[in-house]
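Q: Return atomic coordinates for the entry below.
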Amino acid sequence: MFYFDNFKGKKVLKSSILEDVTAFFTTREGMPELEAISPVQTHSDHVEIVDERKEYPDTDGLILTKLNTVICLKFADCTPLIFYDPKRKIGAVTHAGWRGTAAKIGVKTIKKMVECGSAPQDIIAVIGPAIGLCCYEVSPEVRDKLLETVNDTTGLYKNRRVDLKKINARQLEEVGVEKIDICQYCTSCNNDLFYSYRKENGTTERHYALLSL
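A: Below you'll find the model as predicted:
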């Protein structure tokens, strides 16, 4: 279940299934004053583990094992994924546009968290505000590439529209993630709250998904 909260004077969106961790999605009010690690996103399926580096080029997923470190990625219609394993204190933030979703970047993030010691059934997944089935029309070729990533396509598309949030959720379910919270907000419909690349004709403004252990 999602709810709005205030963090350092900014309106943010949180999930009630994430506890014992700082994790939220920013709104059009902007990012709170924080020092955060943010990768250079390129719609890739590349996931990195945060270490002593300050820069992460060509990276659309960051895994966090260190305390007192903040990571954030930016979005404007694409699907934000926040992951957290409360048993082992491992988390991640992943950017899943249609290309990342087609490449199953969320699943790749889970697999990399498993390499760090997590188990899929212990990982909580929160899928944040993104463009919804109501507004996301794609070509038949893109639709088919997305639907090929899951075994069960029930409820994931309608004609030429697809549900990126639910496709990511279905991918995660099929690799053993059991706790998933899917945000109800469409960034295009709720453009007063979030940025939308499509609704705003290619805006360069972004909202963020943020995690700190």
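Q: average pLDDT for stretch 129-137?
A: Per-region confidence: stretch 129-137 scores 98 on mean pLDDT.
Q: likewise stretch 74-83?
A: For stretch 74-83, the per-residue pLDDT averages 98.
Q: roughly how far is that stretch from the heart of the chain?
A: 4 Å (C-alpha atoms, centre = their mean, to the nearest Å).
Q: Strands along this protein, start to end?
A: Ranges of strands in the chain, per DSSP state E, are 2-7, 10-15, 22-26, 47-49, 61-64, 70-75, 79-85, 90-96, 124-127, 157-158, 161-162, 179-182, 207-212.
Q: Same list, those, but as TSV with distance to P140 and mean neighbour count please.
A: The C-beta positions use only the backbone N, C-alpha and C, and glycine is treated the same way. Below are the strands of the chain laid out as TSV (distance: least, C-beta to C-beta, whole Å; neighbours: other C-beta atoms under 10 Å):
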stretch	distance to P140	mean neighbour count
strand 2-7	32	12
strand 10-15	33	19
strand 22-26	31	23
strand 47-49	29	19
strand 61-64	28	25
strand 70-75	25	22
strand 79-85	21	27
strand 90-96	21	27
strand 124-127	25	24
strand 157-158	10	15
strand 161-162	11	21
strand 179-182	25	17
strand 207-212	30	23
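Q: Out of those strands, which is closest to L133?
A: For L133, the closest of the strands of the chain is strand 161-162, at 5.4 Å, according to C-beta to C-beta.
Q: Check which helices and strands that closest one sits against.
A: Counting contacts by 3 or more C-beta pairs under 8 Å, 6 or more residues apart in numbering; DSSP states H and E, strand 161-162 packs against helix 140-147.
Q: show me the contacts for K10.
A: Taking C-beta atoms under 8 Å, 6 or more residues apart in numbering, we find K10 in contact with T26, T27, E29, G30, M31, P32.
Q: number of nearby residues for the fifth one?
A: Read that as M31. 19 (other C-beta atoms under 10 Å).
Q: if I look at it, how far off is Y208?
A: 5 Å (C-beta to C-beta, to the nearest Å).
Q: what is in contact with the two at once?
A: In contact with both M31 and Y208: C72, using C-beta under 8 Å, 6+ apart.
Q: and the nearest residue to I49 once chain neighbours are set aside, what are its bridge partners?
A: Spatial nearest neighbour of I49, excluding adjacent residues (C-beta to C-beta, 6 or more residues apart in numbering): I63 at 4.6 Å. Judged by DSSP bridges, the bridge partners of I63 are I49, A92.
Q: that older thread, in CSV, list the strands of the chain along with distance to C189.
A: CSV is the format used below for the strands of the chain (distance: least, C-beta to C-beta, whole Å):
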stretch, distance to C189
strand 2-7, 15
strand 10-15, 15
strand 22-26, 16
strand 47-49, 30
strand 61-64, 26
strand 70-75, 15
strand 79-85, 15
strand 90-96, 19
strand 124-127, 16
strand 157-158, 15
strand 161-162, 13
strand 179-182, 15
strand 207-212, 15
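Q: before we move on, back to that, can I get the contacts of K10 in CSV with distance to T94?
A: Putting those into CSV (distance: C-beta to C-beta, whole Å) gives the following:
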residue, distance to T94
T26, 16
T27, 20
E29, 23
G30, 22
M31, 18
P32, 21
